[in-house]
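In: missing the sequence, but the structure's below:
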């Protein structure tokens, strides 16, 4: 794209049209720009347009945003994950060089809006090219910084430096990163200090001469940016330059925490916020030094602790100074857990921190109430999912926990007294002082400590049972489910958190009350009530026994399910994951009577119909499908006649999913279909057969995310309708699927599942004509790419074949493909890999099959094969006598890059629709006993032969283990 007046006109017109409120011209302009963006020098042309002062500001702003986004996608484009998506054309190198030459001067000469976009664009380039491929950038920034005449330019340069140095905060420390850091320090540490001190003196003189707010604004912004750069450059380790100049930095830092600037702070607008942003940045820097450079920093510590504390006395009382309050409290928390905690030792100081810093920040504020009502998802995320580390409530509690590390008794008694005062205040006037009670509950819940390795929590602040009975139960028994919703939410949260300590009779008595709250109009309250029931059903007593069973919830099961499904009709709770998780949990626990089952089928299919229109909440959808699978499993176990009702309700949903190509739900639909197929008694109803045809079409198998679910469904058909396979060449279609799956390492295990199901469910006369093809496919894969996973699967398959059809059939079918191949496979793959088998059923299957080979296969019984026989036995004994951890070294499977490409949607297994593991050797209870009896019988036929081979071939540990087994089962090897 050559630069000309026509290009300028074309681009200006396009960018103007992208701002049009009418969709037609907007789409046309976007399409024209997308087409033009593939031409060389497009990016350069847009940058030139941005630099044209004659062009309207609005058009230039649209252009600079396009320029930044173009750089993001094309400076160093990633290869698309799907091979069907065309790769993006990268910006050519000569064009890149021209952009790098033009961008800094243009950024410095632009107005604030365009400058901030160009600064971001520069950071995008810097992320890939700086410093190695852009060595001129830093010298250019430093030179401009020293020559800058105004603070608009200074702050533009500092903003850019801040963007490109941020990588030092979050990237892993490597030699390359430290070399880059050294380069930046060598070039930028001194100029940074210069501008910082120069700006500081300007602030001081403006303060002493009573300067106006407008004078201070750019200066404070400049100091804030200097502080953020300081944070980035000091994050990895303390640089020598900063250690040498620590006094200059710390003197100014302390000044900003202790001096007030009335012109800004009292002048209205965002003046106070501007000063607080600088103070918060200072607090982050001193916290960093406290954490990483404590020894060098300790001479300044007392002054900063006092400064932070004094600031908090005023900031904590203000509702708007969140960022400053949070960073200052974090600093004090870091000090409280360090060796300098004695700063807080005096009782009056602890008392003051509790009363003047902690309690004011834990109290509910208008913002909390607003969030509770207006954005329940975010409120819950912060409140019970622990993402609230940067809220005043949580951070104040973290400070208390920090202080309690060294002063537990004092802190506990102070907070306990505060809690009692709050409860007394509430009791005196509940309607007015309800927030006091909320604060008391919040303190108990937030300061509770989790016991290691479990869900149990404890607290020293109150007696849990008394507090529960006197403070929580009255809230839960309140008949008005909509009154004081924040208190109700707090009470439900307490019950959920201390569920292990609440006795079963007390909890069961309160469950109907909790169920009532699922009917509350407050999204938070009905979510917490559902979460409480869901978590109670997971409680286990010692020994792992579930504390609450289906009989405990049966008396109110219908009310519970009615309220849960009704709660999904409340505004904004249509896809409430806490409600659906509770439905899922109840479906997994309850014995569902027919009348409740009907209600649940109707409720779940109604929700399914809605989510199929627009699947947007993967967590909710997963719980939904788990709930359906749980309902099908539990209800049909109780009453098999319900299967037809489920089919009637679910088949239209499956048709919608498959017919409308709702690809996100394919894996779920196939798993539910598999579950329904398995629940049917043969012959399978005819309405399942069209799905069987779909299952056999190669098209269905193209999406990797569908494969595990399709295999599961195919296995269900093979088990329930094996005779259908003999018709119309279907078996060769199934084996074609096996062949495709087994040839690739990401799906080979799934291929074996198909093959094993065929072997288990069809007679040998049916599969014999195909055995040559099956072995050829397996040998080809063995030759091309053998992974541990493949070898284990192959071994399991051969073992299953042997126990189903005998060792002679196994050996003959293999040798028919290639003469004497079996003995090669046995020696090179079977014997060495037997010890890697895991899983009880697999271990039993492979050890029994190996034992039968050892005692039946003529080539192994030949005296000439004594050494091979000994190795085989050694391998069997290792498998049976040593724990898994001693014999299996986990090898990470490295996927082939070609296979990983295009894996977009993911398969998620439904626990409730899981396949029951079948044991092909139910008649053999103990594989160790089977080995010893088989060896005893064999040795009786050849007395004296085998003890000598065992002595010679078995590892001494295995010899001892074998002797122990012989003694245990009382069978000698003669």
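Out: Arrived safely, thanks for sending. Predicted model only: the values in this text are computed from it and were never measured.
In: could you list the domains of the protein?
Out: As assigned by the TED database, the chain contains the domains 299-462, 824-887+915-973.
In: what's near enough to touch residue 939?
Out: 945, 946, 947, 972, 973, 974 (CB atoms under 8 Å, 6 or more residues apart in numbering). C-beta coordinates here come from the backbone N, C-alpha and C atoms, glycine included.
In: now the domains of the chain as a markdown table including mean pLDDT?
Out: Formatted as a markdown table, the domains of the chain follow (pLDDT from 0 to 100):
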| stretch | mean pLDDT |
| --- | --- |
| domain 299-462 | 90 |
| domain 824-887+915-973 | 91 |
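In: any chance of the ones you listed in TSV, with distance to residue 600 too?
Out: Below are the domains of the chain laid out as TSV (distance: least, CB to CB, whole Å):
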stretch	distance to residue 600
domain 299-462	25
domain 824-887+915-973	23
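In: which residue packs closest to the most centrally placed residue in the chain, ignoring adjacent ones?
Out: Geometric centre of the chain, nearest residue: residue 619, 11.3 Å, by CA atoms, centre = their mean. Among residues not flanking residue 619 along the chain, residue 577 sits closest, at 4.8 Å (CB to CB, 6 or more residues apart in numbering).
In: residues near the one you found, how many?
Out: 22 (other CB atoms under 10 Å).
In: measure it to residue 381 for me?
Out: 11 Å (CB to CB, to the nearest Å).
In: repeat for residue 867
Out: Taking CB to CB, one finds residue 867 at 65 Å from residue 381.
In: before we move on, what about residue 118?
Out: For residue 118 relative to residue 381 (CB to CB), the value is 35 Å.
In: so for these two, which residue has more residues nearby?
Out: Counted by other CB under 10 Å, residue 118 and residue 381 do not tie: residue 118 has more neighbours, with 25 against 13.
In: do I have it right that that one meets residue 64?
Out: Yes. The criterion here is CB atoms under 8 Å, and residue 118 meets it with residue 64 at 6.3 Å.
In: how about the helix or strand containing residue 646: buried residues?
Out: Taking DSSP states H and E as the criterion, the element that holds residue 646 is helix 643-659. Residues 643, 645, 646, 647, 649, 650, 653, 654, 656, 657, 658 are the ones in helix 643-659 that count as buried (16 or more other CB atoms under 10 Å).
In: now, which of the residues you listed sits nearest residue 881?
Out: residue 643 (45.4 Å; CB to CB).
In: tell me the contacts of that closest one?
Out: 636, 676, 679, 680.
In: now do residue 236 against residue 657, distance only.
Out: As judged by CB to CB, residue 236 and residue 657 stand 51 Å apart.
In: all helices of the stretch 151-300 of the chain, in order?
Out: 151-165, 167-170, 175-208, 213-234, 240-244, 246-258, 262-265, 271-292, 294-315 (DSSP state H, counting those that start in this stretch).
In: who's in contact with the second one?
Out: For helix 167-170, the surrounding residues in contact (CB under 8 Å, 6+ apart) are 127, 177, 180, 181, 184, 231, 232, 233, 235, 236.
In: mind doing that once more with 10 Å?
Out: Contact with helix 167-170 is made by 123, 126-127, 130, 177-178, 180-181, 184-185, 228-229, 231-236, 288, as judged by CB atoms under 10 Å, 6 or more residues apart in numbering.
In: now do the buried residues in that helix.
Out: In helix 167-170, counting by 16+ other CB under 10 Å, buried: 167, 168.
In: what of the fifth one?
Out: Residues 241, 242 are the ones in helix 240-244 that count as buried (16+ other CB under 10 Å).
In: packing partners for that helix?
Out: For helix 240-244, the contact count by 3 or more CB pairs under 10 Å, 6 or more residues apart in numbering; DSSP states H and E identifies helix 175-208, helix 213-234 as packing neighbours.
In: can you tell me which of those is packed in deepest?
Out: With neighbours defined as mean count of other CB atoms under 10 Å, the helices and strands packed on helix 240-244 peak in mean count at helix 213-234, which reaches a mean of 21.
In: quick one, it and helix 175-208 angle?
Out: Helix 213-234 runs at 160 degrees relative to helix 175-208, counting by axes from the mean of the first three to the mean of the last three CA atoms, to 10 degrees.
In: quick one: stretch 208-222 to chain centroid distance?
Out: Computed by CA atoms, centre = their mean, to the nearest Å, the separation of stretch 208-222 from the middle of its chain amounts to 45 Å.
In: got a list of contacts for it?
Out: Contact with stretch 208-222 is made by 150-152, 154-155, 157-159, 195-196, 198-200, 202-203, 205-207, 256, 261-271, 274-278, as judged by CB under 10 Å, 6+ apart.
In: could you count how many residues lie near residue 299?
Out: Look at residue 299: counted by other CB under 10 Å, it has 11 neighbours.
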